[in-house]
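Trainee: my questions are about this predicted structure, shown below with the sequence.
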Amino acid sequence: MKSDEQLEKDVVVLLVKFKEKMDENGLEKVKPEILGVEEIEKTFNHIGIWFYIMQSEYFDTVTVEMDTDPAKAIEELRKTHTVAIKKAIPLDSIVSAPPGLVISTIQKLVQVKVAKNESFTVKCKLRDNGYTLKGKENMNSAELLSSQIASILCRELDLEHDDRDSDWIVQIEELGDTTGIAVCRWKDFLIKD
């Protein structure tokens, strides 16, 4: 049996977002989140990995703990025909929501992953006007938070910010009381139309 410490090291988290509405294939009566969970279960059971789906505070988003390389899981989702899954992002960290902690965690992740000659962009998804990320810093808009993070990374890590053709994406996803953070190359994401 694995200890909690071993389990933590072996478990990765994938954030999966579902479409808000489905009208193709006559599935408009099925809620995307219900079908999306079924699609995750079917796909991950097919490749034989351990996984645990956790609901978030938002109906269109779940996190999936799993014991495999997220690239393998995303590649399998990419190959599988899905109707409800919109996006899958491998998370590097999930932290409590205060902006200061989110920003310092991003700095540490970017410093480890992004080389000096590479560029980045910041994408931020806040809900309810960023209520849980307001804190003392009052980050009440995704644009303000993205701009502040880009400025800090450029100034303190001497990196290049590029919204058009970046090597890396820094993704921030509000999950309720927590915030998911991913620092990935574009190919590591799954985005379906």
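Mentor: Okay, I see it.

Trainee: so where's this protein uncertain?
Mentor: Along the chain, the parts satisfying pLDDT under 70 run over 1-10, 22-29, 128-140.

Trainee: which stretches of it form helices?
Mentor: Secondary structure of the chain (DSSP state H): helices at 4-10, 32-47, 70-79, 99-113, 131-134, 142-157.

Trainee: gap between the nearest residue to E41 once chain neighbours are set aside and R155?
Mentor: The spatially closest residue to E41, leaving aside those adjacent along the chain, is I53, at 7.4 Å (CB to CB, 6 or more residues apart in numbering). All C-beta spots, glycine's among them, are computed from the backbone N, C-alpha and C. According to CB to CB, to the nearest Å, I53 stands 39 Å off from R155.

Trainee: figure out which of the helices of the chain is closest to R185.
Mentor: Closest to R185 of those, according to CB to CB: helix 99-113, at 9.1 Å.

Trainee: list the helices and strands the closest one packs on?
Mentor: Judged by 3 or more CB pairs under 8 Å, 6 or more residues apart in numbering; DSSP states H and E, helix 99-113 is in contact with strand 93-96, helix 131-134, helix 142-157, strand 168-174, strand 178-185.

Trainee: buried residues, that helix. List them.
Mentor: The neighbour-count check on helix 99-113 (16 or more other CB atoms under 10 Å) flags 99, 102-103, 105-106, 109-110 as buried.

Trainee: got a list of contacts for stretch 163-174?
Mentor: 15, 61, 89, 91, 97, 102, 106, 110, 113-114, 118-127, 130, 132-133, 145-146, 149, 153, 179-186, 189 (CB atoms under 8 Å, 6 or more residues apart in numbering).

Trainee: ok, now which ones touch L157?
Mentor: The contact partners of L157, by CB under 8 Å, 6+ apart, come to 107, 110-111, 114.

Trainee: can we see that at 7 Å?
Mentor: Going by CB atoms under 7 Å, 6 or more residues apart in numbering, L157 touches 107, 110-111.

Trainee: same check on D92?
Mentor: 109, 181-183.

Trainee: what of I49?
Mentor: By CB under 7 Å, 6+ apart, the contact set of I49 is 66-68, 73.

Trainee: apply 6 Å and report the result again.
Mentor: With contacts defined as CB atoms under 6 Å, 6 or more residues apart in numbering, I49 is in contact with 66, 68.

Trainee: cool, and I181?
Mentor: Contacts for I181 were tallied using CB under 6 Å, 6+ apart; they are 92-93, 105-106, 172.

Trainee: all good on my end, thank you.
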